[in-house]
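>>> Pasting the sequence and the predicted coordinates here, then a few questions.
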Amino acid sequence: MYRSDEERLTDIIMGDAILQLLKKSGPLSPRALLDKLRGMASTECDPPRQQALSRAMSEVMNHIETPQQSGVAIKNTDNVTHIFRNRDGSGNGTKH
């Protein structure tokens, strides 16, 4: 569950930016996402959406500044975190 409407709007905006990047078949990286969010913020006129864009950019910048393991942690709508990682970096030995 979301703690606030602001958090929900931030997640929606970040998801929208990611979908736009995926549609263009461009690189999907934290830096590309940050650039996309900055572009969206430059044209946004609605104050709540501007604040949500600012929060989304802060989240991405925090992710860029904090080195992560070679993995991704994603929270679903039930607030359950799923962690995806490639332990040895090669992808060998992975069973699907």
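Sure, I can see it.
>>> if I pick residue 59, what's in contact with it?
Contact analysis of residue 59 by C-beta atoms under 8 Å, 6 or more residues apart in numbering lists 10, 14. Placement of C-beta: from N, CA and C, glycine included.
>>> so what's it scoring on pLDDT?
On the pLDDT scale, residue 59 is placed at 88.
>>> CA atoms only for the helix or strand where residue 59 lies, dumped as PDB, please.
Here residue 59, judged by DSSP states H and E, is contained in helix 47-65. Below are the C-alpha coordinates for helix 47-65, written out as PDB (Å, rounded to 0.1, in the frame of the first residue of the first chain):
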ATOM      1  CA  PRO A  47       2.400  21.700  -9.300                       C
ATOM      2  CA  PRO A  48       1.700  18.300  -7.800                       C
ATOM      3  CA  ARG A  49       3.200  16.600 -10.900                       C
ATOM      4  CA  GLN A  50       6.200  18.900 -10.700                       C
ATOM      5  CA  GLN A  51       6.800  17.900  -7.100                       C
ATOM      6  CA  ALA A  52       6.300  14.200  -8.000                       C
ATOM      7  CA  LEU A  53       8.900  14.600 -10.800                       C
ATOM      8  CA  SER A  54      11.300  16.200  -8.400                       C
ATOM      9  CA  ARG A  55      10.800  13.300  -5.900                       C
ATOM     10  CA  ALA A  56      11.300  10.700  -8.800                       C
ATOM     11  CA  MET A  57      14.500  12.500  -9.900                       C
ATOM     12  CA  SER A  58      15.800  12.400  -6.300                       C
ATOM     13  CA  GLU A  59      15.100   8.700  -6.000                       C
ATOM     14  CA  VAL A  60      17.000   8.000  -9.200                       C
ATOM     15  CA  MET A  61      19.900  10.300  -8.200                       C
ATOM     16  CA  ASN A  62      20.100   8.500  -4.900                       C
ATOM     17  CA  HIS A  63      20.300   5.200  -6.700                       C
ATOM     18  CA  ILE A  64      23.100   6.500  -9.000                       C
ATOM     19  CA  GLU A  65      25.100   7.800  -6.100                       C
END
